[in-house]
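**Q** Build the 3D model from these lines:
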Amino acid sequence: PDPGSLRLLDANPAARLLAPVVRMGNVGRTIKDFAPHLLGTELMDHFAATIETRQPRDWIANGPGPDGREMTYHVQCFAPKERFLGVLFEDITQRRWMEERLRNNVAELERSNRDLDEFAYVASHDLKSPLQDIRSLATWIAEDIGDDMPAGSAQHLTRLRDRIGRMEQLLDDLLEYSRTGRGDTASE
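**A** Numbering: from 1, shown residues only. Model (predicted):
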């Protein structure tokens, strides 16, 4: 009933390296003898619950590593038989750090994609406005000159309108391309 009375029977070499409280000199001693600072902690609560229910438990814990730096562990404990407790712990410090980096990179990528979408929309809209003005000017010139327009000038205005249309299509395609692969479209 008292997890502090648990006696350390053995520890593998990796545990001896990772956990300062599991040093060779502590084998055969009780937790309250070699690690009284652990009494009353969440660790002891998990140990007591596992002993009482005989149900395995696992959790994430932070604690000092062999060099004193803060580390993150995945801890599992189980009761293989009455009055015995097995404890496994894995150093997941690096994995947690990488997960955090990944979350930050994903957030940055999402922000960058939003900025790109906004830029493509603004650029497309802002570039289409002068094209509309040029189209209007070409129409007004054609109306002002009317039937007196030389054939060569009429041909130039036709090319101008054609190029305005191609530029508008290019801007629409650019905007569509910037959105490709985003949203709820299904892959095919």
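
**Q** What is the host helix or strand of G152 packed up against?
**A** Per DSSP states H and E: G152 is located in helix 151-179. Packing partners of helix 151-179 (3 or more Cβ pairs under 8 Å, 6 or more residues apart in numbering; DSSP states H and E): helix 93-145. In short, each C-beta sits where N, CA and C put it, glycine included.

**Q** average pLDDT for the helix it packs on?
**A** Taken as a whole, helix 93-145 has a mean pLDDT of 88.

**Q** Tell me what angle it forms with helix 151-179.
**A** 160 degrees (axes from the mean of the first three to the mean of the last three Cα atoms, to 10 degrees).

**Q** Use 527 as the first number from now on
**A** Renumbered: residue one is now 527, and that last one reads helix 619-671.

**Q** How far does helix 619-671 sit from its chain's centre?
**A** Counting by Cα atoms, centre = their mean, to the nearest Å, helix 619-671 is centred 24 Å from the centre of its parent chain.

**Q** coming back round to it: list the buried residues of the helix holding G678.
**A** Buried residues in helix 677-705, counting neighbours by 16 or more other Cβ atoms under 10 Å, are found at L683, L686, I690, E694, L697, L701, S704.

**Q** any idea which of the residues you listed is the one closest to E616?
**A** If you rank these by distance to E616 using Cβ to Cβ, S704 comes first, at 43.3 Å.

**Q** That closest one against A646, yeah?
**A** Yes: if you go by Cβ atoms under 8 Å, S704 and A646 touch, sitting 3.7 Å apart.
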